[in-house]
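> sharing a sequence plus its predicted fold:
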Amino acid sequence: MTHAIRIHEPGGPEALSFDQIDLNDPKENEVQIRFKAIGLNFIDCYHRSGLYPVPALPHTIGMEGAGVIEALGSNVTEFSVGQRVCIGAALGCYTEVGNFDQNVVVPLPDEIEFETAAAMMLKGMTAHYLLRRIYKVTEKDTILFHAAAGGVGSIATQWAKSLGTTVIGTVGSLDKAKLAKEQGCDFPILYREENFTDRVQDITNGEGVPVVYDSIGAATFEGSLDCLRPLGMMVTYGNATGPVPDFSPALLAQKGSLFITRPSLMHYVAKREDLLWAANDLFDVVKSGAVQIHVNQTYDLKDAAQAHRDLEDRKTTGSTILIP
């Protein structure tokens, strides 16, 4: 028996249920992990609400965590019992102990603590594909990153700065602006007090930016497009304020022959080699000190509902973890 946070039907934070469940032995290609720490992400809220449907109900949610292997399936050869491992892109992590296909599991370097790994895997690998694959930022670029003090934003801002990039970031408060600045954001914009589109145009002398990373969705979509220079790239990778509105592709031509993409981490790490590439690049920048992982909130796993409320109310900064 083990305990897990499951949803029995979609809904608000109250839909999260701390259940005692039976756990089978791992299947032939699975490893059994006892989690030491679990990450909290906005995608967890999307799974809980039904915006991103889960395969079946009831279902354990959660996409990242770190712990120790307790048992192996008969076909597993890459891992061993007692090994430190982590997960950054697989459902089922809101649990004390769980079984996972070996292909989604990543060996965890000894230099990185469980809490740090749980706080960074999904968010850090998201930052990797945003900055290194969708649009490969360089020291010549000035970029706009929404929610610069959030989980992905905190990591991506530091990573971009380590590459010499100039970062403009939107934040919701003076405290978050200070935090973003400390993490390398050159121009924090208080979006509740300033028009971020006008401010970006001021900062770039009317040229706009080559890329916008937008996890906010409906509230910022049109303004984000207006921050782009001709041939710019709009990356809409989340929708904290709801899905972006329907639009005609002709709008992209009118605003400068823009490009737009709606990526998902799961597609970028679907191949084992891509997963290991993203994870090892992330480990390298963290071990070097170029990116520091800030765990600013910690909750017991049984209190996941309150963690969801605080995340959705934008009361959190940096990363949040759940402790089983």
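Arrived safely. Numbering: from 1, shown residues only.

> and the spatially most central residue of the chain, how far from F247?
Taking C-alpha atoms, centre = their mean as the criterion, K123 is the residue nearest the geometric centre of the chain, at 3.0 Å. Distance of K123 to F247, computed by C-beta to C-beta, to the nearest Å: 28 Å. To be clear about C-beta, it is placed using only N, CA and C from the backbone, and glycine gets the same treatment.

> kindly report the same for V97.
Counting by C-beta to C-beta, the gap from V97 to F247 is 45 Å.

> between those two, who's got more neighbours?
V97 (18 against 12; other C-beta atoms under 10 Å).

> once you drop chain neighbours, what's closest to that one?
Nearest non-adjacent residue to V97, counting by C-beta to C-beta, 6 or more residues apart in numbering: T2, 4.4 Å away.

> that neighbour pairs with what?
I21 (DSSP bridges).

> what's the neighbour count on it?
16.

> can you show me the helices along the chain?
42-49, 114-129, 151-162, 174-182, 196-203, 221-225, 250-254, 265-268, 272-288, 304-312 (DSSP state H).

> any idea how far E139 lies from C227?
Relative to C227, and taking C-beta to C-beta, E139 is found at 20 Å.

> more neighbours, these two?
Each of E139 and C227 has its neighbours counted (other C-beta under 10 Å); C227 has more, 25 against 9.

> isn't the residue nearest to the centre of the chain up against I321?
No. Counting by C-beta atoms under 8 Å, I321 is not a contact partner of K123; they are 11.3 Å apart.

> still on that earlier bit, ok, now which ones touch the residue nearest to V97?
20-21, 23, 95-98 (C-beta atoms under 8 Å, 6 or more residues apart in numbering).

> pLDDT wise, what is it at?
On pLDDT, T2 comes in at 97.

> make 168 the starting number, not 1.
I'll keep to 168 as the first residue from here, and by that count the last item is T169.

> pLDDT wise, what is the residue lying closest to I172 once chain neighbours are set aside at?
Spatial nearest neighbour of I172, excluding adjacent residues (C-beta to C-beta, 6+ apart): Y261 at 3.8 Å. In the prediction, the pLDDT value recorded for Y261 is 98.

> separation between Y261 and E197?
As judged by C-beta to C-beta, Y261 and E197 stand 18 Å apart.

> got it, and Q368?
Distance from Q368 to E197, by C-beta to C-beta: 52 Å.

> the more surrounded of the two?
Each of Q368 and E197 has its neighbours counted (other C-beta under 10 Å); E197 has more, 23 against 17.

> could you pull up the residues touching that one?
240, 243, 266-269.

> repeat the analysis, applying 10 Å as the threshold.
Residues in contact with E197 (C-beta atoms under 10 Å, 6 or more residues apart in numbering) are 191, 238-243, 265-272.

> show me what counts as buried in stretch 327-345.
327-328, 332-339, 343-344 (16 or more other C-beta atoms under 10 Å).

> need the distance between the two termini of that stretch.
18 Å (C-alpha to C-alpha, to the nearest Å).

> ok, back up a step: and the buried residues of stretch 327-345, which is closest to T483?
Using C-beta to C-beta, K343 is the member of those that lies nearest T483, at 10.1 Å.

> what's the overlap in contacts for K290 and I488?
In contact with both K290 and I488: 206-207, 231, using C-beta under 10 Å, 6+ apart.

> format those as a markdown table; extra columns: neighbour count, distance to L442 and pLDDT.
Below are these laid out as a markdown table (neighbours: other C-beta atoms under 10 Å; distance: C-beta to C-beta, whole Å; pLDDT from 0 to 100):
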| residue | neighbour count | distance to L442 | pLDDT |
| --- | --- | --- | --- |
| G206 | 30 | 16 | 98 |
| L207 | 29 | 21 | 97 |
| E231 | 29 | 12 | 97 |
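
> and Q473, how many neighbours does it have?
13.

> next: the one 4 residues further on.
One way to gauge burial is a neighbour count; for D477, by other C-beta under 10 Å, it gives 16.

> I'd like to know how far it sits from K469.
Counting by C-beta to C-beta - D477 and K469 are separated by 15 Å.

> can you tell me which of the contacts of T169 end up in strands?
Of these, the ones assigned to strands by DSSP state E are 187-188, 264-265.

> now, which of those residues sits nearest I254?
Using C-beta to C-beta, those come closest to I254 at G265, 8.9 Å.

> do you know how far the residue lying closest to the closest one once chain neighbours are set aside is from S216?
Leaving out its chain neighbours, the residue that sits closest to G265 by C-beta to C-beta, 6+ apart is G259, at 5.2 Å. In this view, G259 and S216 are 18 Å apart by C-beta to C-beta.

> in terms of neighbours, single out the busier of the two.
G259 (20 against 17).

> A171 is in contact with the more buried one, correct?
Yes. Using C-beta atoms under 10 Å, G259 makes contact with A171 at a distance of 8.1 Å.

> quick one: common contacting residues for these two?
In contact with both G259 and A171: 226-229, 265, using C-beta under 10 Å, 6+ apart.

> most neighbours among those residues, which one?
Among the shared contacts of G259 and A171, the one with the most neighbours (other C-beta under 10 Å) is G229, at 30 neighbours.
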